[in-house]
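Student: What follows is a protein structure lacking sequence information:
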């Protein structure tokens, strides 16, 4: 049996940040075309990265899936993405609104939110102990914040039936604003986390 190998290039930015957004999107576009990948996932909280992606991916023929935070993050009852931006992105592709599966669920809320003083029994709970999903998130952050985001949104998109689980996609994330990481991943639903596969890193901060 012959073991096949191939050489790929990873772009390494000196540091992370939104100043790499356009270049990261262009790297993702080229990577998708080279690998004959037809779907790109884009993390976009307020919609800024999504709107930039519309410019970069215009005429590419690629399916764009924009993933935004659940309503209530980070402010109670508030949605970070304005309605007019949502409408533009939805017209161009699909917008997924979903709880952050690694860092935004009930278990994370229990761990982060201090119990009220009038609930004495609750004060004995180990609220400072991170749940397993947070441990996973922090491990992925050792590669880059955008890698954590890219893997997380792949599960979020799969959970919402916005992307298939049978072939690779390009997934784009960043360091809190913009984009600085692009990865090739085969998505999986969050309850099938071990089925998810990270194949390549196209770009990331050092």
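Tutor: Great, that's in hand. All of these numbers come straight from a predicted model, not from anything done at the bench. Numbers count the residues shown, from 1 in each chain.
Student: In the protein, where is pLDDT below threshold?
Tutor: 1-3, 104-130 (pLDDT under 70).
Student: quick one: the strands in it?
Tutor: Under the criterion DSSP state E, the chain contains strands at 11-13, 39-43, 63-68, 94-97, 169-173, 181-186, 197-205.
Student: In CSV: those, plus mean neighbour count and distance to residue 20.
Tutor: For the C-beta atoms, the positions are set from N, CA and C on the backbone; glycine is no exception. Output for the strands of the chain, formatted as CSV (neighbours: other C-beta atoms under 10 Å; distance: least, C-beta to C-beta, whole Å):
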stretch, mean neighbour count, distance to residue 20
strand 11-13, 15, 5
strand 39-43, 26, 14
strand 63-68, 24, 19
strand 94-97, 18, 23
strand 169-173, 29, 11
strand 181-186, 26, 9
strand 197-205, 19, 8
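Student: what's residue 20 in contact with, if anything?
Tutor: Shown in contact with residue 20 (C-beta atoms under 8 Å, 6 or more residues apart in numbering): 13, 174, 178-180, 203, 205.
Student: swap the cut-off to 7 Å and go again
Tutor: 13, 178-180 (C-beta atoms under 7 Å, 6 or more residues apart in numbering).
Student: Look up how far residue 49 lies from it.
Tutor: According to C-beta to C-beta, to the nearest Å, residue 20 and residue 49 sit 11 Å apart.
Student: Identify the contacts common to the two.
Tutor: 178-179.
Student: in stretch 153-164, what's buried?
Tutor: 153-160, 162-163 (16 or more other C-beta atoms under 10 Å).
Student: Can you get me the start-to-end distance on that stretch?
Tutor: End-to-end distance for stretch 153-164, by C-alpha to C-alpha, to the nearest Å: 13 Å.
Student: what sits up against that stretch?
Tutor: 39, 41, 43, 65, 67, 94, 96, 98, 101, 165, 169, 171, 173, 185, 187-190, 193, 196.
Student: what do you get for stretch 191-205?
Tutor: For stretch 191-205, the surrounding residues in contact (C-beta under 7 Å, 6+ apart) are 8, 10-13, 15-16, 24, 27-28, 31, 143-144, 146-147, 151, 154-155, 168, 175, 180-188.
Student: So what would you say the end-to-end distance of it is?
Tutor: Using C-alpha to C-alpha, the end-to-end distance of stretch 191-205 comes to 29 Å.
Student: for stretch 79-95, same thing?
Tutor: End-to-end distance (C-alpha to C-alpha), stretch 79-95: 13 Å.
Student: Need the contact partners of that stretch.
Tutor: By C-beta under 7 Å, 6+ apart, stretch 79-95 touches 45-47, 50-51, 54, 63-66, 68-69, 71, 162.
Student: Among the residues you listed, which pair sits farthest apart?
Tutor: Using C-beta to C-beta, those span at most 24.7 Å, a distance reached by 63 and 71.
Student: and of the buried residues of stretch 153-164, the nearest to residue 135?
Tutor: residue 155 (15.7 Å).
Student: how much space between the closest one and residue 21?
Tutor: To residue 21, residue 155 is 23 Å away according to C-beta to C-beta.
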